[in-house]
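Asks: need a structure here:
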Amino acid sequence: MEKPGIPAIPASGHRPLCLSVATQGVFLLKLHVQPRASENRIAGMHGEALKLRLTTPPVDGKANKAIVAFFAGFFRLPKSAIMVLSGHQSRCKMIQIHCNREEYLIEKLQTALMESER
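Replies: Got it, this is the predicted structure:
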């Protein structure tokens, strides 16, 4: 689901639509989560949100915990650096990421998006 004229995968070094800056060192990542998937992985874009497939069912906050664990591992950050801000009981979520390396976050997301297109 791309907007006309706006590519889902931005040019190298450009921030994906799903990632925004809240304050210095704090980023917001818009997600569309598909629970009960066959594997945990980034599956491209869903409009302006990053599509994340999770094996975890959306029961008792387990999917939210799985999101934190997934992105902590994906970005190699401590779990305390990742927090679900909104959408706790929805497929559409906003997570907060504490990281001082914007270029690193962009590079990791761009690589995952390119791999999801294969």
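
Asks: could you point out the longest strand in the chain?
Replies: strand 26-34 (DSSP state E).

Asks: what angle separates the helix or strand just after that strand from strand 26-34?
Replies: The helix or strand immediately downstream of strand 26-34 is strand 41-46, counting by DSSP states H and E. In terms of direction (axes from the mean of the first three to the mean of the last three CA atoms, to 10 degrees), strand 41-46 departs from strand 26-34 by 100 degrees.

Asks: Show me what strand 41-46 is packed against.
Replies: Contacts defined by 3 or more CB pairs under 8 Å, 6 or more residues apart in numbering; DSSP states H and E place strand 41-46 against strand 49-53, helix 102-116. Backbone N, C-alpha and C define where each C-beta goes, glycine included.

Asks: Among these, which comes closest to L29?
Replies: L29 lies closest, by CB to CB, to one member of these: strand 49-53, at 6.3 Å.

Asks: For the spatially closest residue to K79 that is not a sequence neighbour, grab the count of nearby residues.
Replies: Once flanking residues are discounted, K79 sits nearest to A72: 4.5 Å by CB to CB, 6 or more residues apart in numbering. A72 has 16 neighbouring residues, counting by other CB atoms under 10 Å.

Asks: Quick check: phi and psi on A72?
Replies: Backbone geometry at A72, expressed as degrees, to the nearest 10, gives phi -60, psi -40.

Asks: if we can go back for a sec, any chance of the helices and strands packed on strand 41-46 in JSON lines, plus mean pLDDT, mean neighbour count and distance to V68?
Replies: Below are the helices and strands packed on strand 41-46 laid out as JSON lines (pLDDT from 0 to 100; neighbours: other CB atoms under 10 Å; distance: least, CB to CB, whole Å):
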{"stretch": "strand 49-53", "mean pLDDT": "97", "mean neighbour count": "22", "distance to V68": "12"}
{"stretch": "helix 102-116", "mean pLDDT": "94", "mean neighbour count": "15", "distance to V68": "16"}
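
Asks: Format the ones you listed as a markdown table; extra columns: distance to R41.
Replies: Formatted as a markdown table, those follow (distance: least, CB to CB, whole Å):
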| stretch | distance to R41 |
| --- | --- |
| strand 49-53 | 5 |
| helix 102-116 | 8 |
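
Asks: No further questions, thank you.
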